[in-house]
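In: structure for this input, please:
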Amino acid sequence: MYDKIFPPKKIILPNGKSILEKRSRTPIILLVIVIAIWLSVYFTNFQLEILIRRWQQFFVIIGDMIPPKWEYLPYLWQPLMDTIKMSLLGSIFGSVIAIPVAFLAASNMVKQKAIVLLAKVFLSILRTLPTLVSALIATFIFGLGTLAGTVAIFLFTLAYVGKLLYEQIENVDMGAFEAMESIGMTRIHAFRHAIFPQVLPNFLSTSLFCFEGNVRYAAILGYVGAGGIGLLLNEGLGWRDYASVGMILFMLAITVFLIETVSEHFRKKLM
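Out: Now for the predicted structure:
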């Protein structure tokens, strides 16, 4: 279509032969990008004037967080431990339950297409659901507290690990699986002995990576009453107590750094 609207340019070579040089797509790509930016600015009501006038306020708030309020530290340990426990428990349960769900969603493991489709749709719906929304729903069902946050993290982990795991299962070498089936083993037993060992390192690595992220996500679940350090964060921001917020973010950053370092060490061992 583009070449019909903008015909190639004819170039005569020194030897008398002629070649056709296609017109560059750069102008039309730039035009599309400019239109996309203009539409984004129009629909989001983005105002560059306000951004330029008030951007320094962000650093004013950051400045108010420094130095952090050290005397607030004793009040942080219990909520911080709650956040870690929520993340750990939700990640473990989500990763374990992801195994049978991924088995049902893998098209090379289950021959009934309806079951495979249902399992994939189930994981897609869970991935579509934002963690904050699932935490809010969980607070309606289980009440305020860490149980609601654990359920939200469990659902997110199940969707994330389940999706990656069934894709890994669909790409494994099926030779050993078919050999075990041919000697009379059930599909589940053949999966356990032939397929699962192949995907186990990636499964553990994915689960650890998910746990790292869950610690960060758990920090904001307190905004909807799902427990953890997010409750204190919400309270500090609400009262404009930025020195306490700075202390919370400082402790959270140290915790996430330590967990990421340990997790990265074990993930490298698994790869």
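In: list the contacts for Val161?
Out: Taking Cβ atoms under 8 Å, 6 or more residues apart in numbering as the contact definition, Val161 lies against Gly94, Ser95, Ala98, Ala102, Phe203, Thr206, Ser207, Cys210. (Glycine included, C-beta is placed from N, CA and C.)
In: what about 6 Å?
Out: Counting by Cβ atoms under 6 Å, 6 or more residues apart in numbering, Val161 makes contact with Ser95, Ala98, Thr206, Ser207, Cys210.
In: the strands in the protein, which residues?
Out: Under the criterion DSSP state E, the chain contains strands at 9-12, 18-21.
In: redo these as TSV? Include mean pLDDT.
Out: What follows is those, written out as TSV (pLDDT from 0 to 100):
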stretch	mean pLDDT
strand 9-12	77
strand 18-21	78
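In: excluding residues flanking it in the chain, which one is nearest Arg267?
Out: Counting by Cβ to Cβ, 6 or more residues apart in numbering, Arg267 lies nearest to Ser205, which is 4.6 Å off, once chain neighbours are set aside.
In: ok, Leu165 next?
Out: Setting aside the residues directly before and after it, Leu165 is nearest to Ala102 in space (Cβ to Cβ, 6+ apart), at 3.8 Å.
In: could you measure from the one you found over to Pro197?
Out: Distance of Ala102 to Pro197, given as Cβ to Cβ, to the nearest Å: 15 Å.
In: and for Arg53?
Out: Note on Arg53: its distance to Pro197, by Cβ to Cβ, is 60 Å.
In: Gly246 now?
Out: Gly246 sits at a distance of 47 Å from Pro197 (criterion: Cβ to Cβ).
In: quick one: which of the two has more around it?
Out: A direct count of neighbours by other Cβ atoms under 10 Å for Gly246 and Pro197 places Gly246 higher, at 21 against 11.
In: could you export the strands of the chain as CSV, including distance to Trp70 and mean neighbour count?
Out: Compiled in CSV, these are given as follows (distance: least, Cβ to Cβ, whole Å; neighbours: other Cβ atoms under 10 Å):
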stretch, distance to Trp70, mean neighbour count
strand 9-12, 70, 10
strand 18-21, 68, 9
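In: in JSON lines, list these along with distance to Gly230.
Out: Rendered in JSON lines, the data for the strands of the chain read as follows (distance: least, Cβ to Cβ, whole Å):
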{"stretch": "strand 9-12", "distance to Gly230": "60"}
{"stretch": "strand 18-21", "distance to Gly230": "59"}
